[in-house]
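> Next comes the sequence, and after it the predicted model I'd like to discuss.
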Amino acid sequence: MRLRVFFLFGFLTLRVGAEEPIPGLPERLQQEAIEYAQGQTQASAGHYAIRATKTPVLPRVKGTEVRFEPSHLSKREPAGAFFAVFRVMVDGRLAGNARVELEGRWTGKLLKTTESLGRKTVPSESQLEEVPFEGNPPPGALTAFPSGFRLRASVPSGHTLRLTDLEAIPLVNAGDRVRLTLRSGCLIISADATARGPGALGDKIRVELPTRKWIQVVVTGPGEASAEWSA
């Protein structure tokens, strides 16, 4: 009887011990989350300082090899409060998901206007200035003015420019003559047409051919477009 009780107690001890968290896993996951979030900012101007704000809760693991696979961030720009989601893999099998709470601060320069600008303006260098900023920038804030764009509406002096303030400059306007490149298999045909709507680079617009037929084309440059042709 004593042997049986001792054996049962030992079995339960081993089982509970096997399911306890492996030491150091939360800290390792935090570091991997910071590195993952930092890696998503490599193409961004400026610098992000990212830290973990809370010890992550991990699913109970039972195995020898634990690996974390990044899934996604809760925000496109890792500034302010956000989190990273990881898949927890134990001995090659999914054991569950874990969430790491993070906080990011961005340091760089944002683009502001030095004077009031009207609708459809393409600002000159003297009309814009780079202003140092640290913290959580406004969504879509610009660090440089992209070519091929103009202001969608009037903005006041000192305004921090955002993507929502811009619109693509049309390379073709309604009524313009458009030079088409029509492709049909290996055959390439050039033709003239009339645009029936405006379009920026890469936009799809409708044009009217001299035969009065309307087709959809893609704007490829100023007064130029292309399309796949079928007679």
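Yep, it's here.

> Which secondary structure state does the spatially most central residue of the chain sit in?
Centroid-nearest residue in the chain, with CA atoms, centre = their mean: Arg76, separated by 5.0 Å. Three-state call for Arg76 (DSSP: H, G, I helix; E, B strand; the rest coil): coil.

> next one: Pro170
Secondary structure of Pro170, per three-state DSSP, is coil.

> From Asp203, how far off is it?
Distance, Pro170 to Asp203, using CB to CB, to the nearest Å: 8 Å. The way it works is simple: take the backbone N, C-alpha and C, and place the C-beta from them, glycine included.

> between the two, who's got more neighbours?
Pro170 (19 against 16; other CB atoms under 10 Å).

> Excluding covalently adjacent residues, which one is nearest to His133?
Actually, residue 133 is Phe. It isn't His. Leu110 (4.7 Å; CB to CB, 6 or more residues apart in numbering).

> contacts for stretch 185-194?
175-183, 207-210, 215, 217, 225, 229 (CB atoms under 8 Å, 6 or more residues apart in numbering).

> Confirm for me that Thr143 is in contact with Lys109.
Yes. Counting by CB atoms under 8 Å, Lys109 is a contact partner of Thr143 at 6.2 Å.

> that older thread, pLDDT score assigned to the residue nearest to the centre of the chain?
Note for Arg76: predicted pLDDT of 85.

> From Gly140, how far out is it?
On the measure of CB to CB, Arg76 and Gly140 end up 10 Å apart.

> Break the chain down into its domains, please.
Following automatic domain parsing, the chain resolves into domains at 2-106, 108-168, 177-228.

> just the strands in the chain please.
47-52, 66-73, 80-90, 93-113, 128-135, 149-151, 166-168, 177-184, 187-195, 204-208, 214-221, 224-228 (DSSP state E).

> and the angle from the last one to strand 214-221?
Angle between the axes of strand 224-228 and strand 214-221 is 130 degrees (criterion: axes from the mean of the first three to the mean of the last three CA atoms, to 10 degrees).

> Sheet partners, orientation included, of strand 224-228?
strand 177-184 (parallel), strand 214-221 (antiparallel) (DSSP bridges).

> and Ser147, how far is that from Arg105?
Distance of Ser147 to Arg105, given as CB to CB: 30 Å.

> With neighbour numbers in mind, choose between those two.
More crowded of Ser147 and Arg105, by other CB under 10 Å: Arg105, with 16 against 7.

> Which residues does that one form beta bridges with?
When bridges are called by DSSP bridges, Arg105 pairs up with Ala49.

> Hmm, Phe82 and it touching each other?
No. Taking contacts as CB under 8 Å, Arg105 lies outside contact range of Phe82: 11.8 Å.

> Point out where the chain drops to low pLDDT.
Residue ranges of the chain with pLDDT under 70: 1-21, 42-44, 230-231.

> Buried residues, stretch 161-172. List them.
Using 16 or more other CB atoms under 10 Å as the test for burial, stretch 161-172 gives 161-162, 165-166, 168, 170-172.

> would you turn those into CSV with distance to Pro23?
Formatted as CSV, the buried residues of stretch 161-172 follow (distance: CB to CB, whole Å):
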residue, distance to Pro23
Leu161, 49
Arg162, 46
Asp165, 51
Leu166, 51
Ala168, 55
Pro170, 62
Leu171, 61
Val172, 64
